[in-house]
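**Q** Next one to model:
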Amino acid sequence: MHRNPSDAEIREILQAAKNIAVVGLSDKPHRTSHRIARFLQSAGYRVLPVNPNLSGPVLGEEPYASLREIEEEIDIVDVFRRSEFVGPVAEDAVAAGAKVLWMQLGVINEAAARYAAERGLTVVMDRCIKVDHASLVG
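**A** Purely as a prediction, here's the structure:
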């Protein structure tokens, strides 16, 4: 069973990160993924939208259909997909050389967490990056 990093480790992750790929980012401002990505931008992170259904910029950034298309360093992959769809995201995160796989609150996939962790990624599961940033970084 997956065990999340400690609060101190999560604080370090958030303080060190610069680029956050948001998988499942919506271009609709009322969607949770959009609101959290906008918050992450306001906190100083570069948000890289990942969603094959997007056709134009979201939050001022060109979208990618897949993590594998991103050529720059990815510090955190923030996942807004249903739990059963996280396996391929974990595979793409590993292939893209990401450092952290972060499954948002309510997203739980033990097999994907194990896969990513066994290949060197830090895995955070079933936690909200915005809540953690507010409480641990400020």
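
**Q** Check the secondary structure at the residue nearest in space to the middle of the chain for me.
**A** Among the residues of the chain, the smallest C-alpha distance to the mean C-alpha position (CA atoms, centre = their mean) belongs to Asp78, namely 1.0 Å. Here Asp78 takes the strand state, with states given by DSSP: H, G, I helix; E, B strand; the rest coil.

**Q** quick one: it and Ala17, what's the gap?
**A** Note on Asp78: its distance to Ala17, by CB to CB, to the nearest Å, is 10 Å. Just so you know, the C-beta spots here come from the backbone N, C-alpha and C atoms, and that holds for glycine as well.

**Q** again with Tyr45
**A** Shown here: Tyr45 relative to Ala17, a distance of 6 Å by CB to CB.

**Q** what about Ala16, neighbour count?
**A** Here the number of neighbours of Ala16 (other CB atoms under 10 Å) works out to 11.
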